[in-house]
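**Student:** Sequence below, structure please.
(chains A and B)
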Amino acid sequence: MSTSTTLEAPKTGTWDGGNEPLKASYGKLMMWFFLLSDAFTFGALLIVYGLSRHSHLPYTGSPDDFTFSTEWWPIPEKVFNAFPGFHGVDLPLAFVALMTMILILSSVTMVLAVEAGHRMDKNDVQKWLMWTILFGSIFLGCQAWEWAHFISGTDEGMLLADGTRIFGANLTMNQYGPPLFADLFFFITGFHGTHVFSGVVLLIMVFINTVNGVYHKRGHYEMVEKVGLYWHFVDLVWVFVFTFFYLI
Amino acid sequence: MAAHSDHSNDLHQTGEIPKAQTKVIWKTFFILVALTAVEFLFAFTMDAGTLRNAIFIILTIFKAFYIVAEFMHLKHESKALIWSILIPMALVIWLMVALISEGSYYFDSIRNYFN
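**Tutor:** Below is the predicted model of the structure:
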């Protein structure tokens, strides 16, 4: 085998690589197909969630009389009603609404960074990437608080048949409902949170490269676009997690 | 909006940076916020049930459309790329609906068999 590299003329014929039916670069195309496969993974998690929910009884009484019990699946508004700094106040879904807003906003700043990249505006790319990193980090912080609260539980806890009370949640037992409820909460929001974390790491790498002028020298900001695709996908997954876990 | 895959002009660009075109981006943002607000409105004013769940799912699909089409720019890609993403996704959604509706019956029958 020859070890030397030879310069070849670019292939331009239809059948030797000159045709580009999808009109997207290799990197962007592979990002799209990676995201498609990732959507399958989240789809599998949502199937398990739907199945588990179907196989447990729903709560049929009036929402005002609702109490936590392992007999039925909890109403999300009764589980996720805490807000940092408002201990004991019933604020259904307020915190998750804030988290949703933060993530949508981070998606917007990401598109603005991509848009600035098309204009080769290095300063704007830096600015909007910084905002995206900031919002992404705030979202992760919110999720950490949400988890901490979910694990430690409420003051009342859940009254068991033998008169004892359990507080908070772990993988085998929780105060909110059947064990699977907490398991799925940890798995689904945890898997999404891991994606957000990876996204923030990627954004920081791209930000450092932008500041160093790597993309400007390269002549295009396509890397910002590719990481942007990933970031929007994370937002997209949250839209579904939000609907299926917190609303329905 | 400019074509994403075409960077041929960027190399030779000197001096002036063109003005930002952000109108579509902010419009999409407000649509997403409005749809989320409507979801909360339904969550607090309507009793839980199949109809409310259907409304939530439809609104979620609208939100997904705006994120994928505008933010991820899929609407402005080539037809072949759009379909190569949408067709596998549609098949998976079919699989999800089938497994959630039929799978619970299957799961129950196995459980009853062992009980």
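**Student:** can you pull the pLDDT of residue 89?
**Tutor:** Because you didn't say which chain, this covers chain A. A:V89 is assigned a pLDDT of 84 by the prediction.
**Student:** my bad, the chain I had in mind was chain B
**Tutor:** With respect to pLDDT, B:M89 scores 94.
**Student:** OK, contacts around residue 88?
**Tutor:** Here I'm looking at chain A. A:D155 (C-beta atoms under 8 Å, 6 or more residues apart in numbering or on different chains). Using the backbone N, CA and C atoms, a C-beta is placed for each residue, glycine as well.
**Student:** should've been chain B
**Tutor:** B:P88 makes contact with A:L36, according to C-beta under 8 Å, 6+ apart.
**Student:** Next, count neighbours for A:F244.
**Tutor:** Neighbourhood size, A:F244 [other C-beta atoms under 10 Å in any protein chain shown]: 20.
**Student:** these two touch, right, it and A:I47?
**Tutor:** No: in terms of C-beta atoms under 8 Å, A:F244 does not count as a neighbour of A:I47; the distance is 10.7 Å.
**Student:** so how many other residues sit close to residue 27?
**Tutor:** Using chain A here. 13.
**Student:** To clarify, I was referring to chain B.
**Tutor:** Residues lying near B:K27 (other C-beta under 10 Å) number 12.
**Student:** Quick one: the strands in chain A, in order.
**Tutor:** For chain A, applying DSSP state E gives strands covering A:158-159, A:165-166.
**Student:** List the pairing partners of the last one within its sheet, with orientation.
**Tutor:** The one in question is strand A:165-166. With DSSP bridges as the test, strand A:165-166 is paired with strand A:158-159 (antiparallel).
**Student:** And the strand it pairs with, how far out from the chain middle?
**Tutor:** 32 Å (C-alpha atoms, centre = their mean, to the nearest Å).
**Student:** And the contacts of that strand?
**Tutor:** The contact list for strand A:158-159, computed with C-beta under 8 Å, 6+ apart, reads A:T67, A:F68, A:S69, A:T70, A:R165, A:I166, A:F167, A:Q175, A:Y176.
**Student:** so, if you compare those, which one comes nearest to A:D124?
**Tutor:** Within the contacts of strand A:158-159, the smallest distance to A:D124 is 45.0 Å, found for A:Y176 (C-beta to C-beta).
**Student:** List the buried residues in the worst-scoring helix or strand of chain B on mean pLDDT.
**Tutor:** The weakest-scoring helix or strand in chain B, judged by mean pLDDT, DSSP states H and E, is helix B:79-114 (a mean of 86). For helix B:79-114, a neighbour-count test (16 or more other C-beta atoms under 10 Å in any protein chain shown) marks B:L81, B:I82, B:S84, B:I85, B:M89, B:V92, B:M96, B:L99, B:I100, B:G103, B:S104 as buried.
**Student:** near chain A, which of these show up?
**Tutor:** By C-beta under 8 Å from any C-beta of the partner chain, the members of those lying near chain A are B:L81, B:S84, B:I85, B:M89, B:V92, B:M96, B:L99, B:I100, B:G103, B:S104.
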